[in-house]
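[1] structure for the following, please:
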Amino acid sequence: MIRIGLVGLGFMGQQHFSIYQNMEQVELVAVCDKDPERVRDSVPAIAGNIGDATELKLDGIDRYTDFAQMIEDAQLDCVDICTPTPLHPDMTVDALQAGLHVICEKPMALSVSECDRMIAAAEASSRMLFIAQCIRFWPEYEVLADMLANGRLGRVVSARFTRHSPTPAWSSGSWLLDAELSGGAVLDLHIHDVDFILSLFGKPQGVLSRGGNLISSGPAVDHVLTTYLYDGFACNAEGGWVFPTDFPFERGFQVLGEKGFLELSPAKQPELQFYPFDGEPHTPEFTPGTGYERELEYFVQCMASGQAPTRITPQAAREAVAIVMAERESIRTGQVVSLE
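    Next up is the predicted model:
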């Protein structure tokens, strides 16, 4: 049985909490949040942009408001970090140095140098560091990855990814809306598609980005449109959280290959559809679920087997942060930023 301590009981922490309750190989033995109201017997649900919100019952679980005390006293195997991004590096390093495996929410950190510090601590500790880039594990996105890997789409001609959200007012103290803390939508939201694009196509030769702010000030942006420069095909991604409160969260992709067109669109039914050039349109088979569930199940299996995760490595998560920083630079200068 893997003993896990969860720090941060906001929207994402509550998602992880609920998943652990249904996992046989896991015992969630401790939770930590700096807000004493979130470590009472019952914690009100916090709704976010996706996923079910449910009230948490903390009966029988050790509770802390001090992270250092939790990792010292709770006899854990792993810490799951679901705190605001600025806390990721120090908490990750402290847990690794205490001999614990670490699950850390995305984005990995606010800078590449902080990512490097986390990676160095993992390498020195011989413990596993897993960054929760959930889109790699989302069933519909797994379909796209599989169809590209097995050649069912053929050579890619063009690819487009979108991620649009209402303004994230659900975060504690509205920290997501403070660009100094969250990095803005370009780092906190858009990075999902950045990471997935890297997992499909590798590092681009360069990026050309345009962005705008309706909420934030300074270099971080609330909305971004980026062209990733690859040989032989076009790839674009657009994302942001400037949409009105009543706008429903949406994500999707459109990928055109030599053998057909695969689309994920929340505006259509079925949402996922493959249109082959030879054959009838159909929805490829996949097992329903969420990337949140599948990523945690995957890392638990890694810990149980002693095999370091390969589907998403700390170095890959670092690369996604580096690409976002290049996009910011492209927005600032108006020029293509070379990555070669």
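[2] helices of the stretch 201-340 of the chain, start to end?
    291-305, 314-333 (DSSP state H, counting those that start in this stretch).
[3] which secondary element of the chain has the worst mean pLDDT?
    strand 42-43 (a mean of 72; mean pLDDT, DSSP states H and E).
[4] what helices or strands is it leaning on?
    Counting contacts by 3 or more C-beta pairs under 8 Å, 6 or more residues apart in numbering; DSSP states H and E, strand 42-43 is packed against strand 56-57. Heads up, the C-betas are built off the backbone N, CA and C, glycines and all.
[5] before we move on, the earlier item: of the helices of the stretch 201-340 of the chain, which is nearest Met118?
    helix 314-333 (6.7 Å; C-beta to C-beta).
[6] would you mind splitting this protein into its domains for me?
    2-133, 135-293+320-338 (automatic domain parsing).
[7] rebuild those domains as CSV, extending it with distance to Arg311 and mean neighbour count.
    Converted to CSV, the domains of the chain look like this (distance: least, C-beta to C-beta, whole Å; neighbours: other C-beta atoms under 10 Å):
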stretch, distance to Arg311, mean neighbour count
domain 2-133, 9, 19
domain 135-293+320-338, 6, 18
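[8] sorry, back to before: in its sheet, what does the least confident helix or strand of the chain sit against?
    strand 56-57 (antiparallel) (DSSP bridges).
[9] and the next element down the chain from the strand it pairs with?
    Sequence-wise, the next helix or strand downstream of strand 56-57 (DSSP states H and E) is strand 62-64.
[10] check the offset of that following strand from the chain's centre.
    26 Å (C-alpha atoms, centre = their mean, to the nearest Å).
[11] touching the following helix or strand past it from outside, list them.
    Note on strand 62-64: by DSSP H and E, the next helix or strand toward the C-terminus is helix 67-73. The contact list for helix 67-73 (C-beta atoms under 8 Å, 6 or more residues apart in numbering) reads 5, 7, 30, 32, 62, 64, 76, 79, 91, 94-95, 98, 100.
[12] how about the residue nearest to the spatial centre of the chain, phi and psi?
    Computing the C-alpha centroid of the chain and ranking residues by C-alpha atoms, centre = their mean puts Gln133 first, at 3.3 Å. Reported as degrees, to the nearest 10, the phi and psi values for Gln133 are phi -80, psi 90.
[13] good, wrapping up.
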